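A.B. asks: Sequence first, then the predicted structure:
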Amino acid sequence: MPVEYAALLHEKFVTIHPFIDGDGRTARLLMNFALTRNGYPPIIVKADPTARLKYNRTLEAAQVDRNIVPFTDFITELVIEKLEK
């Protein structure tokens, strides 16, 4: 549940888009704050093209189709990956 909350927090903040620049960075900071506050490690969305494409596509599905599940699953995968290291 905390991982889903962190993903939802990220999606909602980036959808509101309150700043001219830095919305994504701020959203990831909020997400990592929520994760660490609940005992999870902070995560990084890698800059490689495959990870970025998946991030953008799942975030778009959450924003356009109102389907948060792919984005939540993506964030959960990153958390699990980090925990296994």
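C.D. replies: Now that the structure is in, tell me what you want to look at.

A.B. asks: before we move on, what SS does Gly39 have?
C.D. replies: Using DSSP: H, G, I helix; E, B strand; the rest coil, the structure places Gly39 in coil.

A.B. asks: what's the burial count for it?
C.D. replies: Around Gly39 there are 7 other residues, counting by other C-beta atoms under 10 Å. For the C-beta atoms, the positions are set from N, CA and C on the backbone; glycine is no exception.

A.B. asks: Please report how far Phe71 lies from Lys85.
C.D. replies: The spacing between Phe71 and Lys85, counted by C-beta to C-beta, to the nearest Å, is 22 Å.

A.B. asks: So between those two, which is more surrounded?
C.D. replies: The neighbour comparison of Phe71 against Lys85 (other C-beta under 10 Å) goes to Phe71, with 23 against 5.

A.B. asks: in which helix or strand would I find the more buried one?
C.D. replies: Element membership of Phe71 [criterion: DSSP states H and E] is helix 69-84.

A.B. asks: Over to Ala6?
C.D. replies: Residue-wise, Ala6 maps onto helix 2-16 under DSSP H and E.

A.B. asks: C-alpha coordinates for that helix, PDB please?
C.D. replies: Below are the C-alpha coordinates for helix 2-16, written out as PDB (Å, rounded to 0.1, in the frame of the first residue of the first chain):
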ATOM      1  CA  PRO A   2       2.800   2.600   0.700                       C
ATOM      2  CA  VAL A   3       4.300   2.000  -2.700                       C
ATOM      3  CA  GLU A   4       1.000   2.500  -4.400                       C
ATOM      4  CA  TYR A   5       0.500   5.700  -2.400                       C
ATOM      5  CA  ALA A   6       3.900   7.000  -3.400                       C
ATOM      6  CA  ALA A   7       3.200   6.200  -7.100                       C
ATOM      7  CA  LEU A   8      -0.200   7.900  -6.800                       C
ATOM      8  CA  LEU A   9       1.400  11.000  -5.100                       C
ATOM      9  CA  HIS A  10       3.900  11.200  -8.000                       C
ATOM     10  CA  GLU A  11       1.200  10.900 -10.700                       C
ATOM     11  CA  LYS A  12      -1.200  13.500  -9.100                       C
ATOM     12  CA  PHE A  13       1.600  16.000  -8.600                       C
ATOM     13  CA  VAL A  14       2.900  15.700 -12.100                       C
ATOM     14  CA  THR A  15      -0.600  15.900 -13.500                       C
ATOM     15  CA  ILE A  16      -1.300  19.200 -11.600                       C
END
